[in-house]
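S.K.: Here is the input, now give the coordinates:
(2 chains)
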Amino acid sequence: MNIVTADPKGVDAGPHFMDGDHAIAEGALAAGCRFFAGYPITPSTETAERFAERAPEVGALFIQMEDEIASIAALIGGAWGGQKVMTVTSGPGFSLMMENIGLAVMTETPMVIANVQRGGPSTGLPTLTAQQDMLQVRFGSHGDYNIIALSPDSPQECFDLTIEAFNLSEFYRVPVFIMTDETVGHMHEKVVIPPADQIKVVERNLYKGPKEDFRPYGFDSQGGHPMTRAGDGYRFHITGLTHNERGYPVMTPEQNQIVLTHLIEKINGNADKIIRLEEDQVEGAEVVVLSYGITSRIAVRAVQEARKKGLKVGSLRLITVWPFCEQRIRDLSQKVKAIVVPEINYGQMVREVERSAAGRCQVVSVNHCGGAVHDPLVILKAIEEACR
Amino acid sequence: MNDNTEIKNPLAGVLRTERMPHIWCPGCGIGSVVTCFAEATKRSNIDPDKLAVVSGIGCSGRMAGYVNFDSIHSTHGRAIPVATGLKLANPKLKVVVFSGDGDLTGIGGNHFIHAARRNMDLVVICVNNFTYGMTGGQVTPTTPSSANASTTPYGNYEYPFSLPFLADAAGATYVARWTSLHSRNITQSIEEALQRRGFSFIEVITPCTTLYLRRNRLGDGVDTLQYYQNNAVIKHGIDTRETAIGFQGQIVVGKFVDRPKPDYLESATRCNVKFIGDDYQLYGKTEPEKQAEEEAKKAASGGESAV
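M.R.: Next up, the predicted model:
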């Protein structure tokens, strides 16, 4: 992994008071993103606006495309043109991007896509919060594949995780998603942007060997494979068709097994290196509350109240949502009585928890259909019932 | 000739000959357009390392896999936005989009008009065979009225696009149309387009022998070339409103539009220089590059003073 310090041009170091959407744009610029193709959609538009405003002074380019389909297509071109690229959207736009998310996965194109979630389905609750695209991000495009998704719970983390998203994306050559929500996106808090020399950035691994040996792909279930960019003379070919390491179409069941295994296992096989969790008093807990994004900020209150009542409650926050922390939940399920899963959806990530716990402990879904965050008392009630 | 001499394809180097034979049917017009394109790239003296080709899906979409340039075979209808990203990420590239009528003006129609509106510096070549070939001969936005297609089995009752008119109206700054019979003209138009900046659109009317011709009982590829010879009329500079094509009717060909206008990146740079100042530079030098330059300068001046 080629780790360098950030290009100071993109780093607006110092303390700021900004919302999550703006922090994502700043994180992208700090990570070295210099090409942003986007389309306005509430509640994500502020990220695009901030990038558009900052782009000229950083030497970056912002283009507002004709729709979200064009935005993500332009990212694929932009990445193979040699830039670090990103876009931002919300539910309806996210749905439109699904086909070319598949192309990005298949062509192993690094990019970062932020989804500032709002309530759905369809136009739903354009200005109100939700966490309803958590399964779409993992399974929404056709075919089998794998991605990485992170979920920030504050504007500060929007900044930090956007940089991490770029770093993971460059190394694993896969789209990485920032799955935030309207509340975090529009929440103003203190964001401290460190000086450039304290920001670690993964540089693209550009192939430099002889032309005849160049292969855009290596199907070894690992990250770190070099790529190239148009104009460097390697005459790459990439396609959405099932292909060999040279990038040429080979449409056989055997080749699809090779490609698909690589695409999935380069993430699954490195899950323990990718996954980041935040745990609080999980050891010895009777009940653990598992949450992510804005819901974890609400859950904190419920956990505190429960502890005041003498209940042994731990808290586990998913910073990395995908790949899911299967192993950790498997271990926990043998030690705790119940895992309580509050989310602003009808029960999405709770399916993964249930699957990983496999009946070894109780799994309690505390769902909220979107438009607001949970009342902490509802989560508290679920904790109390689970402790009984 | 020595018996051991290998006969080389005259377009080897431009084509990925290791990928031959190609998938196209006998009598199909796509190959003719590819040959013209390959010839034009050689004639234009363009640096082949700085040329990139993007295509979408369909018979014409496979073209990207046969040319020996940086190439992307993207998704259905999305060649233009992918090409837009490629061009904007590396402005030194000349980016060519090779597409069919269904891909470019059906599913990809929105991208087509917006890239033309922006005067994005792209060369867009549309192989128009009036049909979705890869999926078996369905009607497209350019299928002439009354023509038979597998999804208009009793004749097409829709009104087709005239692509030169569409491109012109949307803002394209170079618009030409030829048939696959006009190989020298196609080559010349592509060569011109490669050497200019802005959104250049070249439509080539071609035969789809397996589907369109058979379904409409129009004979084979040779019969179609005969039809082109008898019915194509060269009218350079004609108003693009006069370029509609009726079923087996007259085909107006020629160079219709060639007007200079700042392209997208030129306009963006002008605007940014106005507000940021003369030191504005897209993807300007990175800090380490600048430092290295400064140090090199210092070392050079230090060396001079020592002398």
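
S.K.: And the helices in the stretch 201-350 of chain A?
M.R.: Using DSSP state H, counting those that start in this stretch, the helices found in the stretch 201-350 of chain A span residues A:253-268, A:271-274, A:294-308, A:326-333, A:349-357.

S.K.: Which among those is found nearest to chain B?
M.R.: Closest to chain B of these is helix A:253-268 (C-beta to the nearest C-beta; 14.9 Å). Placement of C-beta: from N, CA and C, glycine included.

S.K.: how far out from the middle of the chain is the closest one?
M.R.: 21 Å (C-alpha atoms, centre = their mean, to the nearest Å).

S.K.: near chain B, anything from that helix?
M.R.: No: Helix A:253-268 is not in contact with chain B by C-beta under 8 Å from any C-beta of the partner chain; minimum separation 14.9 Å.

S.K.: So which elements touch that helix?
M.R.: Applying 3 or more C-beta pairs under 8 Å, 6 or more residues apart in numbering or on different chains; DSSP states H and E, one finds that helix A:253-268 contacts helix A:91-106.

S.K.: Let me have the helices of the stretch 201-350 of chain A in TSV, adding mean neighbour count and mean pLDDT as columns.
M.R.: TSV is the format used below for the helices of the stretch 201-350 of chain A (neighbours: other C-beta atoms under 10 Å in any protein chain shown; pLDDT from 0 to 100):
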stretch	mean neighbour count	mean pLDDT
helix A:253-268	16	98
helix A:271-274	15	98
helix A:294-308	21	98
helix A:326-333	18	98
helix A:349-357	20	98
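
S.K.: I'd like these as CSV, with distance to residue A:104 appended.
M.R.: Supplementary listing: the helices of the stretch 201-350 of chain A in CSV, determined by distance: least, C-beta to C-beta, whole Å:
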stretch, distance to residue A:104
helix A:253-268, 11
helix A:271-274, 18
helix A:294-308, 27
helix A:326-333, 25
helix A:349-357, 23
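
S.K.: residues in contact with residue A:71?
M.R.: A:37-39, A:65, A:87, A:89, A:93, A:97, B:81 (C-beta atoms under 8 Å, 6 or more residues apart in numbering or on different chains).

S.K.: any idea which of these has the most stuff around it?
M.R.: Highest neighbour count within the contacts of residue A:71: residue B:81, with 34 neighbours (other C-beta atoms under 10 Å in any protein chain shown).

S.K.: Check which helix or strand that one maps to.
M.R.: Under the criterion of DSSP states H and E, residue B:81 resides in helix B:79-89.

S.K.: Check residue A:48 too.
M.R.: Assigned by DSSP H and E, residue A:48 belongs to helix A:45-58.

S.K.: anything in that helix near chain B?
M.R.: Yes: counting by C-beta under 8 Å from any C-beta, chain B is contacted by helix A:45-58 at A:56-57.

S.K.: pretty sure residue A:263 contacts residue A:105?
M.R.: Yes: applying C-beta atoms under 8 Å as the test, residue A:263 and residue A:105 come out as touching, 6.2 Å apart.

S.K.: Between the two, which contacts overlap?
M.R.: With C-beta under 8 Å, 6+ apart, residue A:263 and residue A:105 have common neighbours A:145-146, A:174.

S.K.: which of the residues you listed lies closest to residue B:87?
M.R.: Closest approach to residue B:87 among the shared contacts of residue A:263 and residue A:105 (C-beta to C-beta): residue A:174, at 24.3 Å.

S.K.: Any residues of the stretch 101-250 of chain A in contact with chain B? List them.
M.R.: A:103, A:107, A:196, A:229-241, A:248-249.

S.K.: could you redo the last one with a cut-off of 10 Å?
M.R.: Residues of the stretch 101-250 of chain A lying near chain B by C-beta under 10 Å from any C-beta of the partner chain: A:102-103, A:106-107, A:109, A:196, A:228-241, A:243, A:246-249.

S.K.: Any of the residues you listed buried? List them.
M.R.: Buried members of these, scored by 16 or more other C-beta atoms under 10 Å in any protein chain shown, are A:102-103, A:106-107, A:109, A:196, A:228-232, A:234-241, A:243, A:247-249.

S.K.: My understanding was that residue A:191 contacts residue A:21; is that so?
M.R.: No: assessed by C-beta atoms under 10 Å, residue A:191 is found out of contact with residue A:21, at 11.5 Å.

S.K.: could you list every residue that touches residue B:261?
M.R.: By C-beta atoms under 10 Å, 6 or more residues apart in numbering or on different chains, the contact list for residue B:261 reads B:119, B:171-173, B:197-199, B:267.

S.K.: Would you format those as TSV with neighbour count included?
M.R.: Below are the contacts of residue B:261 laid out as TSV (neighbours: other C-beta atoms under 10 Å in any protein chain shown):
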residue	neighbour count
B:119	23
B:171	17
B:172	29
B:173	22
B:197	19
B:198	24
B:199	28
B:267	13
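
S.K.: Could you export the residues you listed to CSV, including columns for pLDDT, secondary structure and distance to residue B:293?
M.R.: Converted to CSV, the contacts of residue B:261 look like this (pLDDT from 0 to 100; DSSP: H, G, I helix; E, B strand; the rest coil; distance: C-beta to C-beta, whole Å):
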residue, pLDDT, secondary structure, distance to residue B:293
B:119, 98, coil, 34
B:171, 98, coil, 40
B:172, 98, coil, 40
B:173, 98, coil, 37
B:197, 97, coil, 29
B:198, 98, coil, 33
B:199, 98, coil, 36
B:267, 97, helix, 29
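
S.K.: ok, so of these, who is nearest chain A?
M.R.: Nearest to chain A among the contacts of residue B:261: residue B:267, at 11.8 Å, using C-beta to the nearest C-beta.

S.K.: need the contact list for that closest one.
M.R.: By C-beta under 10 Å, 6+ apart, the neighbours of residue B:267 are B:118-119, B:261.

S.K.: How about residue A:351?
M.R.: Residue A:351 sits next to A:134-135, A:324, A:341, A:363, A:365 when contact means C-beta under 10 Å, 6+ apart.

S.K.: One more: residue B:226?
M.R.: B:181, B:219.

S.K.: model confidence over the helix or strand that contains it, on average?
M.R.: Using DSSP H and E, the element containing residue B:226 is helix B:221-231. Regarding helix B:221-231, the rounded mean pLDDT is 97.

S.K.: count of residues packed around residue B:274?
M.R.: By other C-beta under 10 Å, 9 other residues sit near residue B:274.

S.K.: a helix runs through it, doesn't it?
M.R.: Yes: going by DSSP: H, G, I helix; E, B strand; the rest coil, the assignment for residue B:274 places it inside a helix.

S.K.: how distant is the lengthiest strand in chain A from the center of its chain?
M.R.: Identified as the longest strand of chain A according to DSSP state E is strand A:111-119. In terms of C-alpha atoms, centre = their mean, the centre of strand A:111-119 is set 8 Å apart from its chain centre.

S.K.: Please apply the same query to stretch B:66-74.
M.R.: Centre-to-centre, stretch B:66-74 and its host chain are 12 Å apart (C-alpha atoms, centre = their mean).

S.K.: Contacts only, for the residue in the stretch 101-250 of chain B that chain A sits nearest to.
M.R.: Scanning the stretch 101-250 of chain B for the residue nearest chain A gives residue B:114, at 4.2 Å (criterion: C-beta to the nearest C-beta). Residues counted as contacts of residue B:114 (C-beta under 10 Å, 6+ apart) are A:65-67, A:70, B:80-81, B:84, B:120, B:170-171.

S.K.: State the pair within those that is farthest apart.
M.R.: So for the contacts of residue B:114, where distance means C-beta to C-beta, the most widely separated pair is A:67 and B:171, at 18.0 Å.

S.K.: what about the biggest helix by length in chain A, average pLDDT?
M.R.: As assigned by DSSP state H, the longest helix anywhere in chain A is helix A:155-172. In this model, helix A:155-172 carries a mean pLDDT of 98.

S.K.: just how off-centre is it within its chain?
M.R.: 8 Å.

S.K.: Whatever helix or strand comes next after that helix to helix A:155-172, inter-axis angle?
M.R.: Per DSSP H and E, the first helix or strand lying C-terminal to helix A:155-172 is strand A:175-181. Counting by axes from the mean of the first three to the mean of the last three C-alpha atoms, to 10 degrees, strand A:175-181 lies at 160 degrees to helix A:155-172.
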